[in-house]
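J.: task: produce atomic coordinates for the following.
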Amino acid sequence: MRYNVTVDIPYSKKLAYSLYAKGSLIDIPHVDDDSAFVHFKFGGGTVFTLFYTFTGFRRAYIVTGWQNEKDGEAVTLPGVNEKLCLIFTARGRKVDHLKRVIHILTAEQGDDHKAFSLPLIFWYKIAALIQQEGAHRSDIAFLWECFTKKKLLKLTKNDLKAMQKRKYQ
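T.: This is a model prediction of the structure:
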């Protein structure tokens, strides 16, 4: 069983990083008593993303709560006290690709939570797309349809042509 994970995002406290988290929240985010952090609580068994900005570089992670040794080695990240199962790490331009994928999976379909409740294999496949090709819109839509049996978005003629071109290469 995966446990809920709380992410502490710096609010007024000055730290060496800033943090943005996106996932399926199970509680309303709240500021602690000394106004240093905002606490976000993500559901156990759901995936969430963490976007860090440090001085001079950025990192992004797709993670879920760590369950047992089958998840591999547990990872700890700044602002998270619980152990995490790391699915994907993005650096440099791949951070922007991950942001775009999250936008397509959430904002464009109008549901911020559904995508983060999909099985881990979906997120491993998304990570592979980002790593190899930058995750084309049509590939994301195809994966979404495979896992949910519903259309994610309407594809344009250019998206369909790009899909066919990649298919026959």
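J.: alpha carbons of stretch 65-80, as CSV, please.
T.: The C-alpha coordinates for stretch 65-80 follow below in CSV (Å, rounded to 0.1, in the frame of the first residue of the first chain):
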residue,chain,number,x,y,z
GLY,A,65,5.0,7.3,-2.7
TRP,A,66,7.5,4.5,-2.2
GLN,A,67,5.9,1.1,-1.3
ASN,A,68,8.6,-1.5,-1.0
GLU,A,69,11.8,-2.9,-2.5
LYS,A,70,10.0,-3.8,-5.7
ASP,A,71,9.9,0.0,-6.4
GLY,A,72,13.7,0.1,-6.3
GLU,A,73,15.7,2.3,-4.0
ALA,A,74,13.7,4.9,-2.2
VAL,A,75,14.5,8.5,-3.1
THR,A,76,14.2,11.6,-0.9
LEU,A,77,13.8,15.1,-2.3
PRO,A,78,13.9,18.6,-0.8
GLY,A,79,10.5,19.5,0.7
VAL,A,80,9.3,15.9,1.0
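J.: and it, what's its mean pLDDT?
T.: Per-residue pLDDT over stretch 65-80 has a mean of 90.
J.: and what of stretch 1-9?
T.: Rounded mean pLDDT across stretch 1-9 is 89.
J.: what of stretch 84-97?
T.: 94.
J.: got the contact list for it?
T.: Applying CB atoms under 8 Å, 6 or more residues apart in numbering, the set of residues contacting stretch 84-97 from outside is 5, 47, 51, 57-67, 71-72, 74-77, 98, 120, 123-124, 126-127, 130-131, 134-135. Every residue, glycine included, has its C-beta placed from N, CA and C.
J.: stretch 115-130 now?
T.: Counting by CB under 8 Å, 6+ apart, 22-24, 42-43, 45-48, 62, 64, 87-88, 90, 94, 97-98, 101-102, 105-106, 109, 135-136, 139-140, 143-144, 147-148 sit against stretch 115-130.
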